[in-house]
Every structure is written in structure tokens, then in C-alpha cells.
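Undergrad: Just to be clear, the model below is a prediction. Sequence and coordinates:
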Amino acid sequence: MCGIVGMTSPENIVTGQTADQLSVLEYRGYDSWGLACLTEDTLAVVKDTGSIGKALREGRLSGLPDASLALGHTRWATHGGVTAANAHPHLSYDRAVAVVHNGVIENHQQLRRDLEASGVTFASDTDSEVAAHLIARHLEHGASMRDAIAATTATLSGEYALAVISVTEPATVWGAKHKSPLVVAFDGQRGILASDQMALDGISNDVLFLDDGDIVAVRADSAEVYAAVHGSVQPVTRAFTRLTGRQERADKGQYPHWMIKEIHETPTAVTAASSLPAERFASVLPPDRAVTLIGAGSAFYVASMGQYLLKSLAGIRASALPSDEAEYLAVLGPGDPLIAVSQSGETFDTLEICRTALAAGAVLTSICNVPSSTQERLATHRLPQGSGPEICVLSTKSIVSQVVLLARLALETGRANRTLSAERYAAHQESLERLPDTLTEFIATASTSVQALAAKYSHVGDWFFLGRGILYPAACESALKFKEVNYHHAEGMASGFFKHGTISLIDEHFYTVALLPSHTDDPDRYAATLAAVSEIAARKGPVIGIGPADLPADDLNTFVEYLPLPYHGDEIADLIIQLVAGQLLAYYCALDLGREIDQPRSLAKSVTVR
Ligand code: GLU
């Protein structure tokens, strides 16, 4: 989850540059940061809690000398509290080795006990620190860096990307990986090892992705990769990948937060996802097989929307599973289609299922926003989002783009298998074409009314978000967004499920947001949703309605507030307009509450740990 950058150059230039590249990775974890660099034959370390961006702005790194070898880390704590001592890099007992780590070392307690029994004193509570001491111990016994790292990783269980520098090799950044990504690039002056291709922005488009089990020695102008071959560690060749369609580094412009900027970019993201050629969707789904979709967090709710779209537009049985539970539920064999949804393409839980499914012969389709991510590289079919960089930790334009791609997959499949008539197909296409304009106008005009709602209700601590049919996962997604950034309790629920128990929580303090379908296009679903709203209102629960602009006047009385939406009368467009409304509500409530909108507490953008 963390960000890693290691850099080496013949010149004394890399300390500041490592910090700069690391700040690009801040979205991967921002509870603490740290840098180590080698001067003469000493490792200097600076680390603290907070974000690297803030540390840079405050000039906190000025105390570190410029050097030709440096290592940096932004942390998302898994083991050990958010303290300066637990921030990476971790030094070995003899200060000869500095290590940064992404992932979880599952057997760290045993390794720590053994090291402590041999006299090592630990400086942190992390699982990661064991790696520094183990490498140092092997070096002390005469091993080379390569062999010390190989011997160390052989004893680790769990997942890791490790970057290591040592006084014994002043020109080399070492790396090793198992299940967490590591990537290498050069720019003629520097060699760089990073956890994420984003950190190589402005350095090179030719990058070397390491495989699981690889150990790498990165020098200023070359890298040697080693892997275990027939039980011994030997040099191996890994090809460079040319990154195309790379995301530009984004600029916040006149917006106060990335979140609202990215909500404003939703129309462009819809246009990008709508312009992927129709042929790209053609052979993705075999005619007679059930489809499994996976995703984590918001991407799971997108996958859940996908199952409704595939059923209604293409007559396909699809099940969405949260990636973290899919290992217990997914049944995937040779030829079975699996669709993985992930903004970053590096979501650990999702990649785990992808790998297991591929080993069983399943056919993987990737929906993701980062070209050449691990998920894209694993996949047979790629449906790239092309939404541009998304910096805010909360996913906004990106999940809308994922919905558009799944909708288009359902439309193209429905057209091919004749579930969808030519007229219905054309009507959906026409609506999709109009959608960017609708959204642009909606975002511009609705912001004031949503802000007014926020001013009145942002303090409310308990919320339900209800929806029926495809608006059920939309309600779950809007509730997730709301709790992520507002830190208020918000639960998404199917409106029909509500009366089977949950309704006992309702009183005048428990608020509900009801997502309503069009009453003219879908009268039955509308009536069923409204029935739940009436049952809540009857128990004095205040309900805020979000739905069609032309709501019957009598029904309006059921709500304490009503936010009208510019529905198209089209399942896909109306869903997306609802999602954007939910994002605006989350944003303006968080603004009212003065929350850390782009980097809410405890979150990180790409969750690369189990
Ligand atoms: N498990 C390590 C820690 O808690 C690394 C976490 C990360 O990947 O940021 O320090």
C-alpha cells in the first residue's frame, strides 16, 4: 500500500529527487514518511508521521545531506501504530542496512523472537524491521548483498516489496518482491526502483516490471535481475515494457480539492469510456456461461451494478463477489469468464483472485484505469478506462467510467446475442452520447442545492442509503463514499430488505437517503421503493429523496428534502446521475465538516496489502 522510491546516481543529487518522486506516491499511504541516504559510509535517516507532501512543504527534509544513494517510503500502517519510530526506512542493528517494505510479513513475530534471542534490539513495532536485521546478519556472516537478500526473503512468508540500501554497496539500490509490485527505470543519469509506475513519471517510459521471486540490483545505468532457478539464485533476463497511454501528472487547477475537480471531470471520463471501439467488447463473454465479477470497495459496488446490467441488457447470469471473499465463493474453471474491476489495477485482494482463476484456466477481463498495471498485464481482455489520473483517494470519475464500460459490455453482448432489440440498443447509445452534457450541467447546477442540504444535515451521525434493483448497489456506493470522507455511520441497503429487521433502528435521529427510480419508466420499482420510504416516515424517520425531477406532488410530502435529478429515462444514464449526486453529497458534507477530503483518515488509494 505504501509508496517506495529508491534512487542511485554517480552524482550527489538523489536525496531531494527521491523525496519529490515519493510525493507523487503519497496517495498510496500518508500516515507517515521517511528517507534514508548514504553519505561517506553512514546511513542518515529522517522520518516522521504525516504526509511526505506536508513534510516537503515545511522543509523538513532540508536536514538530510544530498547523496548519490537514497531510499524513501510513505506508509499505510498494517503492524504497529502510526509513530515516527514505526515509519520506514528501518535500520539494521549495526546501521549497515536500511530497508523499506510494502506488504505484510506474516511470520514476523517468530522472526522477531529469534532475532531478539540472538541479542538484536528492535526500534519499531512493525513487521518490516525484521528484514533489515536479517539482511545485516547474513552480511555479517560474509554473504554478498544478493545472497543476504535471497537468504532473508527465503525465510519470509506473506507478501512484500522490499527496497534495500547498504553501506557495503554505495552505488546500488536492491529490491526483492513477492506479490507486491516493483518497477525499475533509468533516465541516463539515475537508476530508480519504485513501487509504482507513477513514480517514474518524467523519468522514462521504458520500465522493467519485476516478477514474483525476483531480486534486483539497480545501478545508475543498468539493472541485474536474479531469480531462483533450480534452487540456486541466478541472473535472469526481464524485458522492458514501453508504457503507452501513460497518465499525465495532474494539476489541481482552480479547484480547492482533487475530489471536486475529478467529479467535474466525470463527463470527460464518460466520453473516454464511450469511445473505446465496440470491437473491444465483442469476444469478451462467451455465449453460454455465467460471468463472475470481482472488485474491492467501490469497485465491488460497480461490479454489483454490472451484474444487473448484464442480466437486463444481455440476459446473462452474472454474480459480483467482493474480492476479499471471492476465494470462498467463486467457482471458476477452464474458459469461465472473470471480470476484475480496479482503478489502480494493483488491488491486492483482486489480483489474488485473478491469479488463482487464471491458474484454473479462467479468462480474465480487466477494467482498470492504469495502463500496464499488474491487472492489465495479467488479463486476456483489457477494457481500459482512460479516465486520466485520479488523485483523490475517493474514487469518483473513475467508478463512473467503470460503469460505462460494463454497460457497454452488456449492450454489445446483448446486441450480439439478440437479447437487446436494435431499437433498445440505439436508445441506450443515444442516451450515453447525451450523458456528458447532462452531467456537466447537473454538476454545475446541483452543487448549490447539495451544498444547502449539506449545511443542514452534515452533522447527522447515522444514515441509511436505500435503493432497489440497480439502485441498491448505487445506494451502497453512495453510503460508502459518505462514510469514507465524513466519518459518519452510513449503511447502504436494499429497500425491500429494510423492513426485515433493520427498520427497528429508525427514529427521528436516524436519517435515510432514498434513491428513487423513474416513476414513469419503472412504476413498480418506484412504488416498491416508496413503500419503504413511507414505512420509515411512519416511524418518524426523516427521509431525503434523490430521484426523478417530475416526482408526483403527493409523494413529495413523504420527504423532508428532495433532490431532483435530470434523468434520461434510461437505466444506465439514470444510475450514473445518481452516483454523481451521491458523490456531490459526500463532498459537500465533508466540506461543511472540514474533513481531510482528498486524503481521509486511515485510507489509501491503492490497497496493495491483504
Ligand atoms: N507492514 C508494514 C508496516 O505496517 C508496511 C505497510 C505498508 O505497506 O505501508 O509498516
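TA: Cool, got the structure. Residues are numbered from 1 along each chain as shown.
Undergrad: CA only for contacts and neighbour counts going forward, please
TA: Will do.
Undergrad: Show me where the stretch 251-400 of the chain has its strands.
TA: Ranges of strands in the stretch 251-400 of the chain, per DSSP state E, counting those that start in this stretch, are 291-295, 318-322, 337-342, 363-368, 381-384.
Undergrad: for those strands, which one ends up most surrounded?
TA: Of all these, strand 337-342 carries the top mean neighbour count, a mean of 28, counting by mean count of other CA atoms under 10 Å.
Undergrad: That one: how far from the chain's middle?
TA: The chain centroid and the centroid of strand 337-342 are separated by 14 Å, computed with CA atoms, centre = their mean, to the nearest Å.
Undergrad: repeat for stretch 281-294
TA: For stretch 281-294 - counting by CA atoms, centre = their mean - the centre lies 24 Å from the chain centre.
Undergrad: rewinding a little: mean pLDDT and distance to the ligand added to the strands of the stretch 251-400 of the chain, as CSV?
TA: Formatted as CSV, the entries for the strands of the stretch 251-400 of the chain read as follows, by pLDDT from 0 to 100; distance: least, CA to the nearest ligand atom, whole Å:
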stretch, mean pLDDT, distance to the ligand
strand 291-295, 98, 20
strand 318-322, 98, 21
strand 337-342, 98, 18
strand 363-368, 98, 21
strand 381-384, 97, 26
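Undergrad: Looking at the ones you listed, spot the one closest to residue 490.
TA: Taking CA to CA, strand 318-322 is the member of the strands of the stretch 251-400 of the chain nearest to residue 490, at 18.9 Å.
Undergrad: what sits up against the closest one?
TA: Applying CA atoms under 8 Å, 6 or more residues apart in numbering, the set of residues contacting strand 318-322 from outside is 290-297, 300, 303-304, 306-308, 310-311, 329-330.
Undergrad: Please, which helix or strand holds residue 602?
TA: Here residue 602 is covered by no helix or strand, with elements defined by DSSP states H and E.
Undergrad: mind listing what it touches?
TA: Residues in contact with residue 602, defined by CA under 8 Å, 6+ apart, are 31, 76.
Undergrad: Retrieve the pLDDT associated with it.
TA: pLDDT, residue 602: 86.
Undergrad: ok, now residue 248?
TA: Reading off the confidence values, residue 248 has pLDDT 69.
Undergrad: List the residue ranges of the protein that fall below the pLDDT cut-off.
TA: Along the chain, segments meeting pLDDT under 70 span 1, 246-248.
Undergrad: Give the buried residues for stretch 433-450.
TA: Of the residues in stretch 433-450, those with enough neighbours to count as buried (16 or more other CA atoms under 10 Å) are 433, 435-436, 438-440, 442-443, 446-447, 450.
Undergrad: how about the helices in the stretch 301-450 of the chain?
TA: 323-329, 348-359, 374-378, 397-416, 422-457 (DSSP state H, counting those that start in this stretch).
Undergrad: Packing partners of the third one?
TA: The helices and strands touching helix 374-378, judged by 3 or more CA pairs under 8 Å, 6 or more residues apart in numbering; DSSP states H and E, are helix 348-359, strand 363-368.
Undergrad: ok, so what distance separates the closest residue to residue 255 other than its chain neighbours from residue 407?
TA: Spatial nearest neighbour of residue 255, excluding adjacent residues (CA to CA, 6 or more residues apart in numbering): residue 261 at 5.8 Å. As defined by CA to CA, to the nearest Å, residue 261 lies at a distance of 24 Å from residue 407.
Undergrad: what do you get for residue 576?
TA: 11 Å.
Undergrad: between the two, who's got more neighbours?
TA: residue 407 (26 against 23; other CA atoms under 10 Å).
Undergrad: what comes up buried for the host helix or strand of residue 135?
TA: In this structure, residue 135 sits in helix 129-140 according to DSSP H and E. If you call a residue buried by 16+ other CA under 10 Å, then helix 129-140 has these buried ones: 129-139.
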